[in-house]
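S.K.: Here is the input, now give the coordinates:
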Amino acid sequence: MDFDLQWLLLGLPVAFALGWLASRFDFQQLKREQRDAPKAYFKGLNLLLNEQHDKAIDAFIEAVQQDPDTSDLHFALGNLFRRRGEYERAVRVHQHLLNRADLPPAERDRAQHGLAQDYMQAGLFDRAEAAWRALEGTAYDTDARLALLTLHERSHDWRSAVDDALKLERGSTGSYASRIAHYWCELALEADAKQQTADADDALRRAHEAAPQAARPMVTAGRRLARMGRHAEAMAVWNDLLASHPASSNLVAADYAASALACGSQDEARGRLLTLHQKKPSIDLLNAIGALDSDPVSRCDRTRTQLSLLPTLSAAQAMLHEYETSALPLLPADLSAVGEVIGRAARAGQRYRCAACGFDAQHHYWQCPGCLGWDTYPPQRLEEF
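M.R.: Below you'll find the model as predicted:
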């Protein structure tokens with residue numbers, strides 16, 4: 001049977017027309033899908049800027065459904081879930097990204113970073129630690145090490161915190177010497193609580209080596225020696241502290257005075273404390289000096305000077321205590337100074353506060369100047385609650 005070329009000539013244009021129509025249909029559908037996806041995305045962005053988080057999440061979910069391969073939409077959705085406190089949904093979004101075989105390495109690290117943040121915010125610290133460790137050696141290495149340091153501080157895993165801080169230092173992210181000293185001091189306190197004297201000694205030595213000029217190792221070492229009854233050694237450590245960190249003298253003033261009395265060095269200790277008190281008076285130094293001074297007149301004079309230099313409630317209380325214990329006559333000037341201090345302190349509680357917005361005012365208002373609410377000011381002053 002002979003093939004009729006006429007049918008071929010007629011069929012070719014028909015096939016071409018059908019192919020063109022099919023391509024146009026697919027192209028129009030693709031254009032429509034690409035147009036709808038950005039529309040949903042910008043709708044979600046607009047809702048997000050208007051603080052309408054629930055509607056924004058719905059819009060982003062719609063955009064993700066229209067274009068499931070767009071990772072940026074997934075990241076935006078995961079971040080929204082985390083901000084809303086919906087950590088389980090945020091975890092599912094980031095795990096979905098990590099399960100995609102076509103995800104580039106940089107996007108995979110970004111998804112791992114988001115997953116670690118989800119676990120961190122959800123309080124799942126064991127999972128967060130594993131997620132952060134998976135980011136070591138990536139572009140998020142510094143963030144991961146800082147997060148691990150925070151995790152180990154929260155869990156009081158001080159040895160791991162020391163390792164984290166040393167790695168951060170080696171990564172040229174700054175000095176962590178002071179924090180490392182704090183970690184070793186914490187380890188010393190833990191060892192002492194377990195009566196592991198050798199471990200406590202070693203931890204304090206390492207703390208001093210990490211930050212030779214830090215105050216806490218000296219404070220901790222002195223208190224530890226005092227608890228062991230080695231008061232002369234404790235005073236030697238604290239003398240170094242008073243010389244290198246005068247401001248920290250307030251922390252050990254009472255302990256210093258007690259150790260001085262225990263080893264008969266009250267005159268030397270009183271002289272050192274008086275020198276510090278003259279440079280920068282404080283109630284802690286004043287009380288420590290008073291514990292080393294048996295003369296009530298000199299104690300009252302120092303308290304009077306303290307009250308004039310630092311008119312605080314603590315100084316006023318110390319003045320009243322001195323007069324009470326020494327049986328000296330109360331001078332009118334001292335009584336006036338005490339009254340002035342009490343009046344100044346009382347002014348903070350003599351204000352009114354709006355129950356709606358917390359706006360403080362010296363006078364009572366029927367309409368709050370802050371939130372413009374009516375009858376929001378209770379008729380009682382703050383000190384009367």
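S.K.: pLDDT weak spots in this structure?
M.R.: For the chain, applying pLDDT under 70 flags the ranges 1-71, 73.
S.K.: Centroid-nearest residue for it?
M.R.: T150 (9.3 Å; CA atoms, centre = their mean).
S.K.: Please, which helix or strand holds that residue?
M.R.: T150 belongs to helix 141-154 when assigned by DSSP states H and E.
S.K.: can you list contacts of that helix?
M.R.: With contacts defined as CB atoms under 8 Å, 6 or more residues apart in numbering, helix 141-154 is touched by 113, 116, 120, 125, 128-129, 132-133, 135-136, 138, 158, 160-161, 164-165, 167-168, 171, 173. Where C-beta positions appear, they are placed from N, C-alpha and C, glycine not excepted.
S.K.: Restricted to helices, list those residues.
M.R.: Among the contacts of helix 141-154, the members found in helices (DSSP state H) are 113, 116, 120, 125, 128-129, 132-133, 158, 160-161, 164-165, 167-168.
S.K.: Could you single out the nearest of those to D72?
M.R.: Taking CB to CB as the measure, D72 sits nearest to H113 out of those, at 14.4 Å.
S.K.: Next up, the contacts around that closest one.
M.R.: L135, Y140, D143, A144.
S.K.: Which among these count as buried?
M.R.: Buried subset of those (neighbour count, 16 or more other CB atoms under 10 Å): L135, Y140, A144.
S.K.: Turn the residues you listed into a markdown table, columns for distance to Y352.
M.R.: Shown next, in a markdown table, are the buried ones among the contacts of H113 (distance: CB to CB, whole Å):
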| residue | distance to Y352 |
| --- | --- |
| L135 | 52 |
| Y140 | 51 |
| A144 | 50 |
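S.K.: D72: which of the residues you listed is nearest?
M.R.: Closest approach to D72 among the buried ones among the contacts of H113 (CB to CB): Y140, at 17.4 Å.
S.K.: any idea how far the residue nearest to that closest one when sequence neighbours are not counted is from N250?
M.R.: Distances taken as CB to CB, 6 or more residues apart in numbering put H113 closest to Y140, at 4.8 Å, once the chain neighbours are dropped. Between H113 and N250 the computed distance is 43 Å (CB to CB, to the nearest Å).
S.K.: L292 touches E268, doesn't it?
M.R.: No - at 9.7 Å, L292 and E268 do not qualify as touching, with contact defined as CB atoms under 8 Å.
S.K.: can you list residues touching both of the two?
M.R.: The contact lists of L292 and E268 share A260, where a contact means CB under 8 Å, 6+ apart.
S.K.: Same drill for these two, tell me which one is more crowded.
M.R.: L292 (20 against 14; other CB atoms under 10 Å).
S.K.: List the contacts of that one.
M.R.: If you count contacts by CB under 8 Å, 6+ apart, then L292 has A257, A260, L261, Q266, A269, R270, L273 around it.
S.K.: Tell me which of those residues fall in helices.
M.R.: A257, A260, L261, Q266, A269, R270, L273.
S.K.: Only the buried subset of the residues you listed, as a ChimeraX command please.
M.R.: Restricted to buried positions by 16+ other CB under 10 Å, the ChimeraX selection for the ones in helices among the contacts of L292 reads:
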select :257,260,266,269,270,273
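S.K.: What is the most widely separated pair among the ones in helices among the contacts of L292?
M.R.: L261 and L273 (12.6 Å).
S.K.: For D360, grab phi and psi.
M.R.: The phi/psi pair for D360 (degrees, to the nearest 10) reads phi -90, psi 140.
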